[in-house]
Every structure is written in C-alpha cells, then in structure tokens.
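Novice: sequence first, predicted model second:
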Amino acid sequence: MRTLCRRSLFVLVSLAAMMVFSVAAFAECDTECSPVFSYCGQTCDVCTHQGIDGCDGWRSSTCGDEMGGCLDDNCTPNFQETSRTTVGTYDGVSFSHCNHHLVQSVSVTDSNHCNVNSYFYSYTYCDNVIDDYKNNCCWPSCCSGYGENGTPLSCNGIHSCS
C-alpha cells in the first residue's frame, strides 16, 4: 500500500512539473511582445494551428518580425515625461483618514529614438497619484477644504483616463 501511494505521488508531482515547464517554455509573440518595450531580436513563438484545447502547433520567431515596431537591439531607450494632465480627482476615504487622488494622463517620449517605427517613439499612460491627505476622525472628506500639506481639495469623481 505504501509503495502504491509513493508511486501515485511521484506520478502526480511529475505530471504537475511537466505542465508547469511545458507552459513556461513558450513566449507567445502576441502576448509577450510589445511594440514599445520589446527588442527586435527577442525570441517568441507563433501559434500555427489552433487545436481543441488551445494551440498545438508552433513556430519560432522574433518580436521584430511579428510586431509593427520594436526597439533596436543596440539601443537603450531613455523615456522622458513630456506632459502630465490631470483628468480626474477623487476621495479615498476610510474611518480615520482620507487620501486625495489625482488621475493623470502622462505622455513620455524616447529621446534616443530606439524604436524602428517612429510611431512608437512616444506613448501615453494613466497614472494615479496621491497628492494630499487628511487625518481626522470619523470619515473625513478629501473633496473639500485643505489637505494636511495645504493643498486645496476638490473632486470630480473621475477614476480613470478613459
């Protein structure tokens, strides 16, 4: 009986290890490559045949061959912030304090122009910044008055850039 349990445990552990390593072996181009952040020579795999339980046929490729843009392999990007615009403000409140959030649209540009496609020299992302707070009892509002750092507080209730 003990031998059977050990064998079953060995088989179970072996199958689990094979599943983990077989999944980790593939870096799919459509999910692992980014036209902004991936290098052209970065290797990836492309699905060539879709089976019942997912892809069952692969071919090797590179992010440069599969994406509309990629970073030159011999260049290091230097992204610099070019603009920051506040689009939303909201209150993160709890019983004993609150945080005043700024939702900001941020644009950055690569001053080294490493991407092989100039369209991807710049990109925009959404940032959530806490600019002030209040420490008061009983559900303080960070949508009115002044924060602990003297910032005038107001809220428009927008939580995202889109």
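Specialist: Sure thing, it's come through. These numbers were taken from a predicted model, which means no experiment stands behind them.
Novice: ramachandran angles for Cys126?
Specialist: Here is the backbone geometry of Cys126 (degrees, to the nearest 10): phi -100, psi 130.
Novice: got the contact list for it?
Specialist: Cys126 sits next to 103-106, 160-162 when contact means C-beta atoms under 8 Å, 6 or more residues apart in numbering. To be clear about C-beta, it is placed using only N, CA and C from the backbone, and glycine gets the same treatment.
Novice: need those residues in CSV with pLDDT, can you?
Specialist: Below are the contacts of Cys126 laid out as CSV (pLDDT from 0 to 100):
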residue, pLDDT
Val103, 98
Gln104, 98
Ser105, 98
Val106, 98
Ser160, 96
Cys161, 95
Ser162, 89
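Novice: and which of the residues you listed is nearest Gly57?
Specialist: Nearest to Gly57 among these: Ser162, at 36.6 Å, using C-beta to C-beta.
Novice: flag the shaky bits of this structure, pLDDT-wise.
Specialist: For the chain, the stretches with pLDDT under 70 are 1-26.
Novice: now the strands for it?
Specialist: Secondary structure of the chain, counting by DSSP state E: strands at 43-51, 54-62, 79-93, 97-110, 122-135.
Novice: which one of the ones you listed lies nearest to Ser144?
Specialist: Closest to Ser144 of the strands of the chain, according to C-beta to C-beta: strand 79-93, at 9.2 Å.
Novice: what lines up beside the closest one in the sheet?
Specialist: Within its sheet, strand 79-93 is paired with strand 97-110 (antiparallel), according to DSSP bridges.
Novice: where's the spatially most central residue of the chain relative to Thr151, distance?
Specialist: In the chain, the C-alpha nearest the mean C-alpha coordinate belongs to Tyr125, at 10.1 Å (C-alpha atoms, centre = their mean). Note on Tyr125: its distance to Thr151, by C-beta to C-beta, to the nearest Å, is 23 Å.
Novice: quick one on the thing from earlier: quick one: which of the contacts of Cys126 is nearest Pro35?
Specialist: Val106 (18.6 Å).
Novice: what count of nearby residues applies to the closest one?
Specialist: Neighbour count for Val106, taken as other C-beta atoms under 10 Å: 16.
Novice: where's it relative to Phe120, distance?
Specialist: Per C-beta to C-beta, Val106 is found 16 Å from Phe120.
Novice: Phe120 touches Met67, doesn't it?
Specialist: No. Using C-beta atoms under 8 Å, Phe120 makes no contact with Met67, being 9.2 Å away.
Novice: domain-wise, how is this structure divided?
Specialist: With domains defined by automatic domain parsing, the chain comprises 2-66, 78-162.
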